[in-house]
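Novice: pasting the sequence and the predicted model now:
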Amino acid sequence: MGDFYIANEYWFAVFQLVLAMLGMGATLTLKDFKSVLLTPYAVTIGTLIQLLIIPLSAFVFVSLLDLPTGVAVGIALIVAVPGGTSSNIFTHFASGSVPLSISITAITTLACLATTPFVLDFLISAHMPSDFVMPTAQIMKEISLNLLLPLAIGMVILYAWPKFAAPLSKWCIRGSVLGLFMIFAGSALAGRLDVEKFGLSNMVMVSLFVLVIILLGWLVPRLLGLSHADSTAVEMEVVVRNINLGLMLKASIFPTVVGQENILADMVLFSLLLYGAIQLMLGIVLIVLRRPKSTPAVTQDGPAH
C-alpha cells in the first residue's frame, strides 16, 4: 500500500483537490461576488492580508529562524495558497460575515493563478539549490486544470441544474475529505510521517507560525476598523487555508519516487499535514470564542433563570 501510494501520490492529491473545488463551485453564483461592490473596504482589507501581509510575515519568520529547507518550503506553500472552502463554513458557525468570507475565498482563489508561483519564488528561492528553477508555468497549469476549471464547472452546474448542485456539492466535499484521509493514511503507511525524523523542534516552529498568523488575522482587521462580523470572516480566511492545493503542488513540484528517500519532500508533506490538523482544531476553537454570547430571555417577571 505504501509503495502504491508513493507511485500515485500526485493523483491522490489531484483527486481530493478537484472534488473540493467542484463542491465549492457548486455553491457559488455570480451574485456571491456582489459584496465586493457593496463592501469594497472589507473585501480589500481581507484580500490584502491574505496576499500581502501573511506572505511578508512568513518571509520575516523564515528569515529570522534557522529552519530546515523542508519546513521553510512547507510554510511557503501554506501561505502561498488561498483560503480553503472550510473557511466559509467556520465563518458561518462563528457568526461572521459569510458573504465577505465567500468573496475573499473566491478572489484569492482566482488570484492564486498569478500570486502562488510569485509568493513561492519569493519565499523559497534562497533556500533551494542554485540550480533550482521555480516551475512557474507548471504551477499555473496545475492551478488552472485542477482548481479553477472544476470551480467553474461547479458554478455552471449550479446555474444550469440547481437541484443537482446541492447533492453534488455535498458528495464532492465528502469525497475530498476521503481523499485527505487517504493521503494521510498512505503517507503514514509509506513511513513518510515520521515524527522523530521531522523533529519536535520543527513541529514547534510550525505551531509558532500558526500563532503568528492567528495574531495577524485577529489584530489587523480590528486595527483597520472592521466590524466584529467582518473581522471574524477575515480571521477565518487567514487561518483556514486551502491545504488541498498545497498538497497537490507539493506532489507536483517535489515528487517522491518509490524506493528513494526524499527528506525534503517528506518534511514539506509533514508541515502541510501538521498545519491542516492544527487549522481544523483552531477553527473549532475560534468558532467557540467568536460566537456572540447568548443573552438571557427577558419576561414580564424579569430575566429568565
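Specialist: Done, it's in. Residues are numbered from 1 along each chain as shown.
Novice: quick check: buried residues in stretch 153-172?
Specialist: Within stretch 153-172, the residues that count as buried by 16 or more other Cβ atoms under 10 Å are 154, 155, 157, 158, 165, 168, 169, 172. For glycine as for every other residue, the C-beta is placed from the backbone atoms N, C-alpha and C.
Novice: give me the element residue 251 is part of.
Specialist: Assignment of secondary structure by DSSP states H and E places residue 251 within helix 243-253.
Novice: which residues does that helix contact?
Specialist: If you take Cβ atoms under 8 Å, 6 or more residues apart in numbering as the criterion, helix 243-253 is touched by 9-10, 12-14, 16-17, 20-21, 77-78, 80-82, 84, 112, 116, 120, 135, 138-139, 142-143, 146-147, 176, 179-180, 183, 265, 268-269, 272-273, 275-276, 279.
Novice: from the buried residues of stretch 153-172, which is closest to residue 96?
Specialist: Comparing the buried residues of stretch 153-172 against residue 96 with Cβ to Cβ places residue 169 closest, at 20.5 Å.
Novice: for that closest one, pull up the helix or strand it's in.
Specialist: If you go by DSSP H and E, residue 169 is part of helix 162-189.
Novice: if you count contacts, what does the next helix or strand after that helix end up packed against?
Specialist: The first helix or strand that comes after helix 162-189 along the chain, using DSSP H and E, is helix 195-198. Here helix 195-198 touches helix 263-290, going by 3 or more Cβ pairs under 8 Å, 6 or more residues apart in numbering; DSSP states H and E.
Novice: switch to 10 Å and redo it
Specialist: helix 69-80, helix 200-223, helix 263-290 (3 or more Cβ pairs under 10 Å, 6 or more residues apart in numbering; DSSP states H and E).
Novice: quick one: the residue nearest the centre of the chain and residue 22, what's the gap?
Specialist: Central residue of the chain (Cα atoms, centre = their mean): residue 241, 1.7 Å from the mean position. Separation of residue 241 from residue 22 (Cβ to Cβ, to the nearest Å): 19 Å.
Novice: and residue 77, by the same measure?
Specialist: In terms of Cβ to Cβ, residue 77 sits 22 Å off from residue 22.
Novice: more neighbours, these two?
Specialist: Taking neighbours as other Cβ atoms under 10 Å, residue 77 and residue 22 compare with residue 77 leading, 28 against 24.
Novice: apart from its neighbours in sequence, what residue is nearest that one?
Specialist: residue 246 (4.4 Å; Cβ to Cβ, 6 or more residues apart in numbering).
Novice: so where is the stretch 1-150 of the chain shaky, pLDDT-wise?
Specialist: Filtered on pLDDT under 70, the stretch 1-150 of the chain yields the residue ranges 1-2, 32-37.
Novice: can you give me the helices for it?
Specialist: 2-7, 9-25, 34-38, 40-48, 54-64, 69-80, 86-93, 98-124, 136-143, 149-160 (DSSP state H, counting those that start in this stretch).
Novice: now do the helix holding residue 169 and helix 263-290, the angle between them.
Specialist: For helix 162-189 against helix 263-290, the angle between stretch directions is 130 degrees (axes from the mean of the first three to the mean of the last three Cα atoms, to 10 degrees).
Novice: tilt between helix 162-189 and helix 86-93?
Specialist: 110 degrees.
Novice: what helices and strands are in contact with helix 162-189?
Specialist: Short answer (3+ Cβ pairs under 10 Å, 6+ apart): helix 162-189 packs on helix 2-7, helix 9-25, helix 86-93, helix 149-160, helix 243-253, helix 263-290.
Novice: try 6 Å
Specialist: helix 9-25 (3 or more Cβ pairs under 6 Å, 6 or more residues apart in numbering; DSSP states H and E).
Novice: check which residues of the helix it packs on are buried.
Specialist: For helix 9-25, by 16+ other Cβ under 10 Å, it's 9-10, 12-25.
Novice: and it, what other elements does it pack with?
Specialist: So helix 9-25, by 3+ Cβ pairs under 6 Å, 6+ apart, packs with helix 149-160, helix 162-189, helix 243-253.
Novice: out of the ones you listed, flag the one nearest residue 283.
Specialist: Using Cβ to Cβ, the helices and strands packed on helix 9-25 put helix 243-253 closest to residue 283, at 11.9 Å.
Novice: picking that back up, including distance to residue 65, could the helices and strands packed on helix 9-25 go into a markdown table?
Specialist: Shown next, in a markdown table, are these (distance: least, Cβ to Cβ, whole Å):
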| stretch | distance to residue 65 |
| --- | --- |
| helix 149-160 | 35 |
| helix 162-189 | 25 |
| helix 243-253 | 20 |
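Novice: right, so of these, which gets closest to residue 41?
Specialist: Nearest to residue 41, of these and by Cβ to Cβ, is helix 149-160 at 25.7 Å.
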